[in-house]
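# okay, sequence plus prediction incoming.
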Amino acid sequence: MIGDPMLDDVRLHAHLIGKPASRRELNTPVLVLDRDALGRNVQKMAALAKRSGVALRPHAKTHKSLAIARMQLDAGAIGLCCTKLGEAEVLASGGIESILITSPVVSVPAIERLVALNERIADLMVCVDNPANAVALAAAVRGRPLKVIIDVDPGIRRTGVGSVEAAVMLLQAIHSSSNLVFKGVQMYCGIQQHIKDYKERYAAIEDRTAYLRTIVAALEEKGGAAAIVTGSGTGTHHIDAQLGLLTEWQVGSYVFMDRQYAECDLAGDQQQAFEYSLFIDARVVSANTHGIATIDAGYKAMATDGGPPVVLSGAPQGSNYIFMGDEHGLIVDPTQKHCWSIGDIVHLAVPHCDPTVNLYDAYHVVSGEVLQDVWPVSARGRSR
């Protein structure tokens, strides 16, 4: 029988909950979530969306957590986004009633699951980008009509219709069946999210928004007025607020921040817009050379597509991290003078938060240096 990995985290750490300075006693490497910083990030984005007159539909692919999803809903979000059907099923099982699946669902077994989910919750929507998919979805529906969003390719050729003409053809396929209800359009500009310079990012998003306006207008002309225009992200929400086309934001990484977004000027003010709230705590396991220390967090402890993590504390300012294999990393003091002791704790800000979270079974939720709770990564590994 396969056990619940989450129970291992509870077994190892439940006795530390509420104990002073208990963060330092966690078994490492460990995924740590600062509850206070998380709460401030959630509230700040909710306030920004409210001031901008847009609905907030945060992306659960970032956190995969029912606990965090409920925090976002309590702060004013209208629902959640999921990339994968499996993530949506987990959220629905936890009582989340409004979900948008942002990637096409195409296989026969997955469509059957999608139709069943549509019968279970009050408000399910799914993105489509191909008339054949729309036909297959319509044929599978047996009860409540399925609400669909036309996905628009912003130019990266991942998913989405590639032209105004393709969008109109897809709308016609949707309108041909009473089992589907057209709700609007989606365009997520993934590449543009991480353009570091604000002016350059603004120009790129302004161009893509102008293109999206042509699609929205063409669909409306053909009887497909878009009640929902959804997209945006942590990297572009400030710009999207000014451009004014989107009706809802799919922001995700703002809850945690990571090195990639911290390096971007998100609001054009040269300030880090949101706080780091997600960390990997690691421990020095070897320190036999002045100026360097080996810690127990390597390739298996974090996603590596975003480069190395940021060394936040437990080392001299300006110290760098170097990957040293599956299980180890090297902390390098630029002065080459610092002497670590084995057992010292180093706090790292993750390079790319979404795939890093998916490596762990649980968040170790702290306030200050005290462990407050252990939350499951509820939808971890839901790749289907």
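Thanks, I have the structure now.

# give the contact list for Met187.
151-154, 160, 208, 212, 231 (Cβ atoms under 8 Å, 6 or more residues apart in numbering). For the C-beta atoms, the positions are set from N, CA and C on the backbone; glycine is no exception.

# out of the residues you listed, which are inside strands?
151, 231 (DSSP state E).

# now Met302, nearest residue through space, not along the chain?
Distances taken as Cβ to Cβ, 6 or more residues apart in numbering place Thr356 nearest to Met302, at 4.7 Å, with adjacent residues excluded.

# tell me which helix or strand the one you found sits in.
Secondary structure assigned from DSSP states H and E places Thr356 in helix 353-357.

# and that helix, how far from the chain's centre?
Mean C-alpha position of helix 353-357 versus that of the full chain (Cα atoms, centre = their mean, to the nearest Å) differs by 8 Å.

# what does it contact?
With Cβ under 8 Å, 6+ apart, helix 353-357 has contacts from 31, 61-64, 252-253, 256-258, 278, 280, 302-303, 305, 350, 377, 380.

# name only those of those that count as buried.
31, 61-64, 252-253, 256-258, 278, 280, 302-303, 350, 377, 380 (16 or more other Cβ atoms under 10 Å).

# strands - which of those residues land there?
Those of these lying in strands (DSSP E): 31, 278, 280.

# show me the beta-bridge partners of the second one.
Going back to what we said before, that points to Leu278. Leu33 (DSSP bridges).

# circling back: which one (most neighbours) among the contacts of Met187?
Val152 (28 neighbours; other Cβ atoms under 10 Å).

# my guess is that residue contacts Val185, does it?
Yes: counting by Cβ atoms under 8 Å, Val152 touches Val185, with 5.6 Å between them.

# and the pLDDT at the residue nearest to Met302?
For Thr356, the model assigns a pLDDT of 97.

# what's the answer for the one 3 residues further on, then?
Turning to Leu359, the model gives it a pLDDT of 96.

# secondary structure class for it?
Secondary structure assignment for Leu359 (DSSP: H, G, I helix; E, B strand; the rest coil): coil.

# sorry, back to before: so what sits against both of Val152 and Val185?
Both Val152 and Val185 are in contact with 167, 212, 215, where contact means Cβ under 8 Å, 6+ apart.

# among the residues you listed, which are in helices?
167, 212, 215 (DSSP state H).

# need the phi and psi values for Leu371.
phi -70, psi 120 (degrees, to the nearest 10).

# what is the burial count for the spatially closest residue to it that is not a sequence neighbour?
Nearest residue to Leu371, sequence neighbours excluded (Cβ to Cβ, 6+ apart): Ser22, at 4.3 Å. Residue crowding around Ser22 was assessed by other Cβ under 10 Å; the count is 18.
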